[in-house]
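Student: need a structure here:
(one chain, ligands or ions: 1)
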Amino acid sequence: MDKVLCYSCNKSKNNLSVKKSILLPINLLMCEGCISSKFEPRWLVVIAGRQMGADSVREFILKKKYIGNEISASELLI
Ligand SMILES: [Zn+2]
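Tutor: Got it, this is the predicted structure:
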């Protein structure tokens, strides 16, 4: 059986909710913890940074509102 994972922390949780991304016009499946922390998935922060420029995701990166390794400037370059 497929387990649905939280898009942000990648863990399988019983309670995943659909949440609209703050950065991109897509819907995300995230767990309560990630939603209440206002996290966005790390990959989404990277994609948004590439599409809209590093400035648009600066706050997410500075406040580390994502789970995973630090996002480096070079990752935001195409
Ligand atoms: Zn989560």
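Student: just the strands in the protein please.
Tutor: Taking DSSP state E as the test, the strands found in the chain are 16-20, 27-31.
Student: same list (those strands) but as TSV, adding mean pLDDT and mean neighbour count.
Tutor: To be clear about C-beta, it is placed using only N, CA and C from the backbone, and glycine gets the same treatment. Shown next, in TSV, are the strands of the chain (pLDDT from 0 to 100; neighbours: other CB atoms under 10 Å):
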stretch	mean pLDDT	mean neighbour count
strand 16-20	96	14
strand 27-31	97	19
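Student: to the ion, which of these lies closest?
Tutor: strand 27-31 (3.5 Å; CB to the ion).
Student: and the ion, is the closest one touching that?
Tutor: Yes: using CB under 5 Å from the ion, strand 27-31 reaches the ion at Cys31.
Student: looking just at contacts, which helices and strands does that strand meet?
Tutor: When contacts are defined as 3 or more CB pairs under 8 Å, 6 or more residues apart in numbering; DSSP states H and E, strand 27-31 packs onto strand 16-20.
Student: quick check: residues of this protein near the ion?
Tutor: Residues of the chain lying near the ion (CB under 5 Å from the ion): 6, 8-9, 31, 34.
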